[in-house]
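Chemist: Test case, fold it:
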Amino acid sequence: MSWTWEYAFGTEEAARSAPSAFLTQAERKAAELVRAAEALYVHGRAHVADDPKGGDVTVPGGMFTYQMVVRSERVYVVQLTYLDW
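Modeler: Numbers count the residues shown, from 1 in each chain. All right, here's what the predicted structure looks like:
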């Protein structure tokens, strides 16, 4: 298994109605988070400590909230917020 990101919960449904330019920026930042997690947690599946705290990432047009699950080698986008600015 290798690190990847995906939408969690009902976020995938919210992504269907968000503008594509906003989603492109959010997905690009999510991919950056994956690369950082992959470098930091090289042996992710063997991780025994607590998962790191998630966070918010601001992108043009809004923001998203993410959570890392190290043993699953996943970054989950758990909320999208499109602000139309």
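
Chemist: C-alpha only now, for contacts and for neighbours.
Modeler: Will do.

Chemist: per-residue confidence at the residue nearest the centre of the chain?
Modeler: Centre of the chain computed as the mean C-alpha position; nearest residue by CA atoms, centre = their mean is residue 77, 3.9 Å away. The score at residue 77 is 96. That number is its pLDDT.

Chemist: and what of the one 3 residues further on?
Modeler: Confidence per residue is given as pLDDT, and for residue 80 that number is 94.

Chemist: ok, and the closest non-adjacent residue to it?
Modeler: Spatial nearest neighbour of residue 80, excluding adjacent residues (CA to CA, 6 or more residues apart in numbering): residue 64 at 4.5 Å.

Chemist: That neighbour contacts residue 76, doesn't it?
Modeler: No - here residue 64 does not reach residue 76: they are 10.3 Å apart, not a contact under CA atoms under 8 Å.

Chemist: Name the residues of stretch 65-81 that are buried.
Modeler: 65-71, 73-81 (16 or more other CA atoms under 10 Å).

Chemist: Could you list every helix and strand in contact with the helix or strand bottoming out on mean pLDDT in the chain?
Modeler: Least confident helix or strand of the chain, by mean pLDDT, DSSP states H and E, is helix 11-17 with a mean of 83. Helix 11-17 sits against strand 74-82, with contacts defined as 3 or more CA pairs under 8 Å, 6 or more residues apart in numbering; DSSP states H and E.
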